[in-house]
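> coords please:
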Amino acid sequence: MTRRLLCTDLDRTLIPNGAQAESPGAREHFRQLVGREEVTLAYVSGRHRALIEQGIAEYGLPQPDYAIADVGATIYRVKAGSWEIWEEWEAQIAPDWRGLSHHALRDRVQISPALKLQEQEKQNRHKLSFYLDPGADIPALLECLREVLAREGIKANLIYSMDEAATVGLLDVLPASANKLRAIRFLMETKQFALADTLFAGDSGNDLDVLLGEVPSVLVANAASEVRELTAAAHHRSLYFARGGYLGMNGNYSAGILEGAAHFWPETDGWLRQQTD
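Presented below is the predicted three-dimensional model:
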């Protein structure tokens, strides 16, 4: 039996909270797919743990085996409802911030009134999050932040994305070693999942490190237009663009994940078609 690792973003990827319509029954097909013995499920999200659990409850999502939270800054092992922080991952990323506390780093990078600290529950030991005024000069502000961090000897990963519904920019400051791609690679290597046996699904700016990397990935059909443009420019064999039509579904959200799974893992097409017969 070939073991498969299915990693998916939540908001507007698995969770249908975007403007586009969800295909009826798609989430149930997804639940049946990840319920198979050979499939390991990992949620990969910018959400913190409480918001991931809230999304699971609100949308009736299957419990994951792993949860990569806080845009890659935290990994949980989930078993029988118990969420355990993966300390080995935290030990890997901690040195990038030179041992500085979350508050000490915050004081060093609040360099502009365009940066507004996000709520306390959205912060984490290794995640510092801001709202950005979308009218600000974002490239210049990010470059200034990089210069400040470099002067302090802090290795950081700046992840910018746009909350289209709220029309506000989102900025996460993470250790340089922490992002979705590296967290997925840590999970793959630790649990011995081959590259060909791993699949990621995403839709937005904070998924780009994975979508443009070597991990087989699917961009769901409802993805943000700017992400679609960026990924189209760098199109390669490890990235699949869901377009709809598969099993009569529209390719949005979980329908796009299923379409990507059938593309990269041909045997899943047979499993999914058995569900629809």
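> Y76 falls within a strand, correct?
Yes. Under DSSP: H, G, I helix; E, B strand; the rest coil, Y76 falls within a strand.
> residue contacts, it?
For Y76, the contact set (Cβ atoms under 8 Å, 6 or more residues apart in numbering) comprises R49, Y66, A67, I68, A69, W83, E84, I85, W86. Placement of C-beta: from N, CA and C, glycine included.
> one more: I159?
Going by Cβ under 8 Å, 6+ apart, I159 touches V71, L171, D172, L174, N179, G205, N206.
> which SS state does it fall under?
At I159, secondary structure determined by three-state DSSP is strand.
> not counting its neighbours along the chain, what's nearest it?
Among residues not flanking I159 along the chain, D172 sits closest, at 4.5 Å (Cβ to Cβ, 6 or more residues apart in numbering).
> identify the bridge partners of that neighbour.
S129, I159 (DSSP bridges).
> what pLDDT does it get?
Note on D172: pLDDT of 88.
> quick one: contacts for it?
G46, D70, V71, K127, L128, S129, L158, I159, N206.
> can you pick out the most distant pair from the contacts of Y76?
Distance extremes for the contacts of Y76: the farthest pair is I68 and E84 at 13.6 Å, using Cβ to Cβ.
> so which of the two has more stuff around it?
Neighbour count, other Cβ atoms under 10 Å: between I68 and E84, I68 has more, with 29 against 10.
> who does the more buried one form a beta bridge with?
For I68, the beta-bridge partners under DSSP bridges are V44, I75.
> could you list the low-pLDDT ranges of the stretch 1-150 of the chain?
Along the stretch 1-150 of the chain, no part satisfies pLDDT under 70.
> and the strands in it, which stretches?
For the stretch 1-150 of the chain, strands defined by DSSP state E, counting those that start in this stretch occupy the ranges 4-8, 39-44, 66-69, 74-79, 82-85, 115-117, 128-132.
> save those as TSV, and put in distance to G55 too.
What follows is those, written out as TSV (distance: least, Cβ to Cβ, whole Å):
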stretch	distance to G55
strand 4-8	12
strand 39-44	9
strand 66-69	11
strand 74-79	14
strand 82-85	14
strand 115-117	23
strand 128-132	17
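> for D65, see how far away E37 is.
With distances taken as Cβ to Cβ, to the nearest Å, E37 is found 12 Å from D65.
> between these two, tell me which one has more neighbours.
Using other Cβ under 10 Å as the criterion, E37 and D65 rank with D65 on top: 19 against 7.
> wait, that one touches L41, no?
Yes. Assessed by Cβ atoms under 8 Å, D65 is found in contact with L41 at 5.4 Å.
> one step back: so which of the contacts of D172 wins on neighbours?
The residue in the contacts of D172 with the most neighbours, by other Cβ under 10 Å, is V71 (29 neighbours).
> quick one, what contacts that residue?
S45, G46, K127, I159, D172, L174, A178, N179, K180, N206.
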